[in-house]
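Novice: 3D, please:
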Amino acid sequence: MAQIEAFQVMEVQRRAMELEREGRSIIHMEIGQPDFGAPPSVLKAAVTAIEREALGYTAALGLPALRTTISNFYRDRYGVQLDAERVIVTAGASGAFMLALGALVDPGAEVLMPDPCYPCNRNFVRLFGGIARCIPVDESQAYQLSAHDVQSNWNERTRGVMVATPSNPTGSTLSPSQLRDIARVTAERGGFLLVDEIYQGLQYGSAIHTALEVSDQIYVVNSFSKYFGMTGWRLGWLIAPQDAIRDIERLAQNVFISVSTPAQYAALAAFEPETLEVFEARRQEFEKRRSFLLPRLKALGFRIPIDPDGAFYVYAGCESFDPDSRHFALRLLEEAGVALTPGADFGTAGTERHVRIAYTRPIGELDEGLRRMEAFLKSNVDAK
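Specialist: Okay, here's the model as predicted:
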């Protein structure tokens, strides 16, 4: 427990809520939660299930119909032939990480991952006695690990590699060729590759891929929270190699028994053609917000060396304003009413000089947030 750090963003969010209770207007650009919510078809499916289904426990690996539907989704969207037996429905992506790493990580084993990365990834490894070995990456490689990084940092204690595409906090992605190279280096050393695809579908300007196109030995984690807008439903999935399913099933039986039954029935509606059209329209809206936000942030003086091509975040250097992003974020909140995420939540590789800015609010609110930031920065320059 001593190794598990508190989120700095929670300090920002707690203070933002206090200010709102005091009557202050706060523009929330810190929260990684879509502002759309579950579509009506998903809500209707949930109500129907509650009214008509028994809603007892499902199998530990999930509702068979949902596992088959997810398998068919990979076939139809990505051309990947995926046996439904390899699909494990989980209690959010967090549950997927727990099951995968519980089956893969022994005490003392090292798992390589980029720095910066989502902080919970480090803590899931620690939960099972493993060591999260975070490798510094920067804009020169789009904040992503390379096959060379994996090769040069592998040692006798290394058990596997975790990467994310698109990434939180940077919004950068890995191409199929990059994933293929990492998978090859990892497999040659007898290790595992776990790919976080939680933001899959929220990509801009390039074709959308899955790591399963590269190999059927890769572990893939996905979620209904981001692209599907179902954060509070706490539902995700894990794709695992065939020979790992039985171990993961035993772990799921003991840790979770099963995940929310109403949520699983509701999720079936997320893959209907009409609902997928809703998600595509939302993706286009996120792309508009990204296009609106990026040039304005650059004009304000934020350092953004690479344009994010996925998720709904901008990872921006704030060192020209303040070398301590936590101090900068708290001042911006108190004085301008704009909430951002301090970069130090995501690692130690220069993260204290960065902030993560989420475009999960309508363009009107983003515009107001930018106006407030501009006034704040101008007043501070004038004060100097």
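
Novice: from the middle of its chain, how far away would stretch 123-143 be?
Specialist: Averaging C-alpha positions (C-alpha atoms, centre = their mean, to the nearest Å) puts stretch 123-143 14 Å from its chain's average.

Novice: average pLDDT across that stretch?
Specialist: Taken as a whole, stretch 123-143 carries a mean pLDDT of 95.

Novice: May I see the buried residues of stretch 26-44?
Specialist: Judged by neighbour count using 16 or more other C-beta atoms under 10 Å, the buried positions of stretch 26-44 are 26-35, 38-39, 41-42. To be clear about C-beta, it is placed using only N, CA and C from the backbone, and glycine gets the same treatment.

Novice: Spatially, which two of those residues are the most separated?
Specialist: Greatest spatial distance among the buried residues of stretch 26-44 (C-beta to C-beta): 26 and 41, at 32.1 Å.

Novice: Can I get the buried residues of stretch 26-44 in JSON lines including secondary structure?
Specialist: Shown next, in JSON lines, are those (DSSP: H, G, I helix; E, B strand; the rest coil):
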{"residue": "26", "secondary structure": "coil"}
{"residue": "27", "secondary structure": "strand"}
{"residue": "28", "secondary structure": "strand"}
{"residue": "29", "secondary structure": "coil"}
{"residue": "30", "secondary structure": "coil"}
{"residue": "31", "secondary structure": "coil"}
{"residue": "32", "secondary structure": "coil"}
{"residue": "33", "secondary structure": "coil"}
{"residue": "34", "secondary structure": "coil"}
{"residue": "35", "secondary structure": "coil"}
{"residue": "38", "secondary structure": "coil"}
{"residue": "39", "secondary structure": "coil"}
{"residue": "41", "secondary structure": "helix"}
{"residue": "42", "secondary structure": "helix"}
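
Novice: residue boundaries of the strands in this protein?
Specialist: According to DSSP state E, the chain carries its strands in the segments 27-28, 87-90, 110-115, 131-136, 158-164, 192-196, 219-223, 236-239, 313-317, 338-339, 341-342, 354-358.

Novice: now the fifth one against strand 219-223, angle please.
Specialist: In this structure, strand 158-164 runs at an angle of 30 degrees to strand 219-223, with axes from the mean of the first three to the mean of the last three C-alpha atoms, to 10 degrees as the basis.

Novice: Report all helices and strands that strand 158-164 contacts.
Specialist: Judged by 3 or more C-beta pairs under 8 Å, 6 or more residues apart in numbering; DSSP states H and E, the packing partners of strand 158-164 are strand 110-115, helix 119-127, helix 176-188, strand 192-196.

Novice: For it, the averaged confidence score.
Specialist: For strand 158-164, the mean pLDDT works out to 98.

Novice: what's the angle between that strand and strand 131-136?
Specialist: Strand 158-164 runs at 50 degrees relative to strand 131-136, counting by the same axes, to 10 degrees.

Novice: How far away from the center of its chain is strand 158-164?
Specialist: In terms of C-alpha atoms, centre = their mean, the centre of strand 158-164 is found 16 Å from the chain centre.

Novice: How confident is the prediction for the closest residue to residue 353 other than its chain neighbours, by pLDDT?
Specialist: In this structure, residue 353 finds its nearest non-sequential neighbour in residue 319, 4.2 Å apart by C-beta to C-beta, 6 or more residues apart in numbering. Turning to residue 319, the model gives it a pLDDT of 95.

Novice: My read is that residue 319 contacts residue 303, right?
Specialist: Yes: taking contacts as C-beta atoms under 8 Å, residue 319 lies within contact range of residue 303: 7.0 Å.

Novice: Could you report the distance from the residue nearest to residue 353 to residue 168?
Specialist: Computed as C-beta to C-beta, to the nearest Å, the residue 319 to residue 168 distance reads 21 Å.

Novice: cool, residue 256 as well?
Specialist: Noted for residue 256: a distance of 24 Å to residue 168, by C-beta to C-beta.

Novice: who's more crowded, these two?
Specialist: When neighbours are counted by other C-beta atoms under 10 Å, residue 168 comes out ahead of the other of residue 256 and residue 168, with 25 against 16.

Novice: And that one, what's its pLDDT?
Specialist: According to the prediction, residue 168 has pLDDT 96.

Novice: Count the neighbours of the nearest residue to it once chain neighbours are set aside for me.
Specialist: Counting by C-beta to C-beta, 6+ apart, residue 118 is the residue found nearest to residue 168 once chain neighbours are left out, at 4.6 Å. By other C-beta under 10 Å, 23 other residues sit near residue 118.

Novice: does residue 118 really touch residue 170, like I thought?
Specialist: No: with contact defined as C-beta under 8 Å, residue 118 does not reach residue 170; the gap is 10.2 Å.

Novice: what sits against residue 114?
Specialist: 134, 135, 137, 143, 144, 145, 149, 163, 164, 167, 347 (C-beta atoms under 8 Å, 6 or more residues apart in numbering).

Novice: got JSON lines for those residues, with neighbour count and distance to residue 198 too?
Specialist: As requested, the contacts of residue 114 are exported to JSON lines (neighbours: other C-beta atoms under 10 Å; distance: C-beta to C-beta, whole Å):
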{"residue": "134", "neighbour count": "19", "distance to residue 198": "19"}
{"residue": "135", "neighbour count": "18", "distance to residue 198": "20"}
{"residue": "137", "neighbour count": "24", "distance to residue 198": "19"}
{"residue": "143", "neighbour count": "26", "distance to residue 198": "16"}
{"residue": "144", "neighbour count": "21", "distance to residue 198": "15"}
{"residue": "145", "neighbour count": "23", "distance to residue 198": "17"}
{"residue": "149", "neighbour count": "19", "distance to residue 198": "22"}
{"residue": "163", "neighbour count": "23", "distance to residue 198": "12"}
{"residue": "164", "neighbour count": "28", "distance to residue 198": "7"}
{"residue": "167", "neighbour count": "28", "distance to residue 198": "10"}
{"residue": "347", "neighbour count": "25", "distance to residue 198": "18"}
